[in-house]
Structures are given as structure tokens and as C-alpha cells.
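A.B. asks: Just need the structure, nothing else, for what follows:
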Amino acid sequence: MSKSSLVSELRSSLNKQAKHTIAYDLHGENPTEVKTWIPTGSTVLDLVISNREGGGIPVGKITTIAGESQSGKSLIATQILANCQKMGGIAIYIDTENASDPRWMTNLGLTTDKDFLYLQTQTLESTFQAIENVIANVRQKAPDRLICIVWDSVAATPGQAEVEGSYDPTSQIGLSARIISRGLRKITEMIGQQKIALVLTNQLKTNIGQMFGDARVEPGGKGLPYQASARIWLTRHTGKANGIITNDQGQLIGYRTSAQIVKNRFGPPNRTCEFNVMFDLANGDVGIKDEDSWLKVVGGTDLCPRSGAWYTLKYADGTEKKFQKADYNKLIKEEEFRQRFLDILHSELIIGYEQSVEENVS
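C.D. replies: Okay, the predicted model is just below:
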């Protein structure tokens, strides 16, 4: 018997014994392949996570977004839900911090009256149970509907015993970690089989006593780092030179955020990117300023070199377009200019990109 025949027979036998499909080959339909990605609102972040065009948050996998206070965790999570709705999906927001503002969420593009479910769970146990119930109920009526669940946040969710216990910090050591690890083991396969995008936000805290290396750590034990397919750490810049963004009156209207992909099963890990986060409600300028981050990646490359204050965008047909940073926001709205920028952005950020940027444009 040939090797291929033996493997095929073994696959059929295992599936027959299990009475459902558990054995696959990875060239056909299989539960581990990510076919759908939900944009985060930042093209550069989508690319460094997925390492492909049209990327973002993987559907069928667990993604964690951890960061310091006011680094943009909830904002990105809300924009992911809004993009899920735009793709025809159902957005589910589990709020254990009691910190959501419907008006702010609406400004970020989220529709909060339809295609949206808001849940306030009290404990880790009830949150995991709610996730199970939501998946089971929706899949009975809509087997193929895109679903994105955001849990905001893991660190703010206590265990049932913690709620019922005292305020003694030593009374329930390791409780949350054990519950989270058990809960994730239970729902990870369900997330993959039912093609659900699960996004968990978390805090970044300092590991007291660590002398060397990065002392930041996510609370909740080791379950999250092991089970998540993509882990994103956010850091807010605070320096006046390249951190905070103010208006003409000196009021703070935004800041620059760095994202580090500390774990990635879809491309190389430890890649970083930056983008501006805005909250200028007076002028309707809120959320991630996507195109602003493109210039930092593309500007200075061989296809868009910089000389002083001038950039030169080179097209595939040999023509060039000289511009300054002040003209960029206007030019990026033009279809040809925008597409060329996107092509170069893809070629710069997608590792192993086989097709040349000139072939893309032509």
C-alpha cells in the first residue's frame, strides 16, 4: 500500500470511529485554516498580525490585546466589532469593567442598536458560560454567520469565590489563573470549530522584583499566553516630540501608540508598528488614523525616497510624484496615489511577499 493510500485509509478510519470529522489533510477544508480576517482599523497592524493582504484579527482563533492604561485597548476592540458589523457579522461585547460609553462607541462606527449584543457578566465563570451559550444559540439559527466576541477585560473579572470571599489578597492566590486556564481549554476548540473571533483585552502590569528584561506581564496566569494565537501589547507614547497630539488651543486630542506582536502563529513574532489614536470629538476625528502610519513605513524606501522635506513616489510606469508631508493627507485620497502607497506598504510589511510591487500596479 502506498503512503498516500495508507494515510487516506487511516484518516477515514479515525473519522468513522469518532463518528465525526477529527482527521484532515491541510490542503482541503480543515478547522485550523483562517479564511476570514476582521480589520482592526489600522492597516499596518493588520499586516504585521496576518502577514498577508486583507488581514486583521483571525476568525476561529483567540486574540489578546494587552496594554497600559489609555493605550487604546478598548478603542481597538470596539473598532474590530464595528468592522465585524460592516462585514455582515454580529458584534458581542462583554463588559466586565462597567466602563462602556454608547456615544463613544457609536463615534467609533459601532452600531449599538442592531447586530449588537452587550453583556455584563460578574465573574470569570459566568463569562465563560455566556460565551458558550452565545455560540450555541447563534449557531443553531445562523450556522455561517460571522461572530466576533470581545471580552473587556480579563484582568477586571473576578472569580466567583473571589466575589464571595474577603478582601484579603492572599486568600485566593492563583484562583483566576486556574479558572481562566480551565475555561480556555474548554472553549478553544469550540471557537475554532464554529469560526468565532474571540478578542480578549487585558492589562499590562509590572512584575515586581524582575531585574532584567521586560518586566511587564499580563495578569491571569499562563493560560492566555499559551492558548492565544496572536498577542498584541500596546504602549502609549507620552513624549511631546512624537507622543501626544494637541490642537491649536493646546488641548490633548490624540496620542501615538506602539503595538508589539509578542506572539503570532500567522507570521513572524515580535514585529512592531505605530499609529495615531484620535479622540477629537469636536471635529469628528476619532479612532485610529490609519493612513497617517503609512507614510512612516513607505517614506524613505527605494520606491518612495525622501530628500529633506520632499518625498518622491515612484510608479511602475517610471513616472514620479514629488510631495511634502503637508500634502500627504490630500494626495492619499486620490485612487492612483493611494493604491501605489498600499502596494509598497504590502511589499514592505509582508515577509515572503512573492509578487513584485511593479507587477501589482501594472
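A.B. asks: Look up how far Ile149 lies from the residue most central in space within the chain.
C.D. replies: What sits nearest the mean C-alpha location of the chain, by C-alpha atoms, centre = their mean, is Ile57, with 4.5 Å. Per C-beta to C-beta, to the nearest Å, Ile57 is found 11 Å from Ile149. Every residue, glycine included, has its C-beta placed from N, CA and C.
A.B. asks: Would you map the helices across the chain?
C.D. replies: Per DSSP state H, the chain carries helices over the ranges 3-18, 43-50, 73-86, 102-107, 124-141, 160-164, 175-193, 223-227, 290-298, 325-331, 335-349, 357-361.
A.B. asks: Quick check: which of these is nearest to Glu33?
C.D. replies: Across these, Glu33 has its closest neighbour in helix 175-193 (9.9 Å, C-beta to C-beta).
A.B. asks: For that closest one, give the mean pLDDT please.
C.D. replies: For helix 175-193, the mean per-residue pLDDT is 93.
A.B. asks: Could you pull out the buried residues of that helix?
C.D. replies: Of the residues in helix 175-193, 175-177, 179-181, 183-184, 187-188, 191-192 count as buried by neighbour count, 16 or more other C-beta atoms under 10 Å.
A.B. asks: For the residue nearest to the centre of the chain, give its distance to Ala155.
C.D. replies: Using C-beta to C-beta, Ile57 is found at 20 Å from Ala155.
A.B. asks: same check, this time on Ile245
C.D. replies: 27 Å.
A.B. asks: And those two? Which one has more around it.
C.D. replies: Counting neighbours by other C-beta atoms under 10 Å for Ile245 and for Ala155 shows that Ile245 has the greater number, 21 against 18.
A.B. asks: State the pLDDT value of the nearest residue to the more buried one once chain neighbours are set aside.
C.D. replies: What sits nearest to Ile245 in space, not counting adjacent residues and going by C-beta to C-beta, 6 or more residues apart in numbering, is Gly254, at 3.7 Å. Here, the pLDDT recorded for Gly254 equals 92.
A.B. asks: just for this structure, where's the confidence low?
C.D. replies: For the chain, the stretches flagged by pLDDT under 70 are 168-171, 240-242, 353-362.
A.B. asks: The same query, at a cut-off of 80, please.
C.D. replies: 1, 27-31, 165-173, 209, 211, 213, 239-242, 352-362 (pLDDT under 80).
A.B. asks: Packing partners of the biggest strand by length in it?
C.D. replies: Longest strand of the chain, by residue count under DSSP state E: strand 252-264. Contact partners of strand 252-264 among helices and strands, from 3 or more C-beta pairs under 8 Å, 6 or more residues apart in numbering; DSSP states H and E: helix 43-50, strand 230-236, strand 244-246, strand 271-280, strand 285-289.
A.B. asks: Just send the ones you listed back as TSV, with distance to Gly67 too.
C.D. replies: As requested, the helices and strands packed on strand 252-264 are exported to TSV (distance: least, C-beta to C-beta, whole Å):
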stretch	distance to Gly67
helix 43-50	13
strand 230-236	3
strand 244-246	16
strand 271-280	11
strand 285-289	14
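A.B. asks: and these, which is most packed in?
C.D. replies: Most buried of these, by mean neighbour count (mean count of other C-beta atoms under 10 Å): helix 43-50, with a mean of 25.
A.B. asks: between it and helix 290-298, how big is the angle?
C.D. replies: Taking axes from the mean of the first three to the mean of the last three C-alpha atoms, to 10 degrees, one finds helix 43-50 and helix 290-298 inclined to each other by 70 degrees.
A.B. asks: just checking, Leu45 touches Thr257?
C.D. replies: No. Using C-beta atoms under 8 Å, Leu45 makes no contact with Thr257, being 9.5 Å away.
A.B. asks: Common neighbours of these two, please.
C.D. replies: Phe275 (C-beta atoms under 8 Å, 6 or more residues apart in numbering).
A.B. asks: how far does stretch 324-340 stretch from start to finish?
C.D. replies: In stretch 324-340, first residue to last residue: 16 Å (C-alpha to C-alpha, to the nearest Å).
A.B. asks: mind listing what's buried in that stretch?
C.D. replies: In terms of neighbour count (16+ other C-beta under 10 Å), stretch 324-340 has its buried residues at 328, 331-332, 337, 340.
A.B. asks: Off-centre distance for that stretch?
C.D. replies: Computed by C-alpha atoms, centre = their mean, to the nearest Å, the chain-centroid distance of stretch 324-340 equals 26 Å.
A.B. asks: ok, and what's touching that stretch?
C.D. replies: Contacts of stretch 324-340 (C-beta under 8 Å, 6+ apart): 291-292, 294-295, 309-311, 313, 315, 321, 323, 341, 361.
A.B. asks: Among the residues you listed, which one lies nearest to Lys3?
C.D. replies: Nearest to Lys3 among the contacts of stretch 324-340: Val361, at 43.9 Å, using C-beta to C-beta.
A.B. asks: what sits up against stretch 183-198?
C.D. replies: Contact partners of stretch 183-198, identified using C-beta under 8 Å, 6+ apart, comprise 31-32, 36, 38, 57-63, 80, 84, 124-125, 127-128, 131-132, 135, 139, 146-149, 151, 223-224, 227.
A.B. asks: Any of the residues you listed buried? List them.
C.D. replies: Among those, those that count as buried by neighbour count (16+ other C-beta under 10 Å) are 36, 38, 57-63, 80, 84, 124-125, 127-128, 131, 135, 139, 146-149, 151, 223-224, 227.
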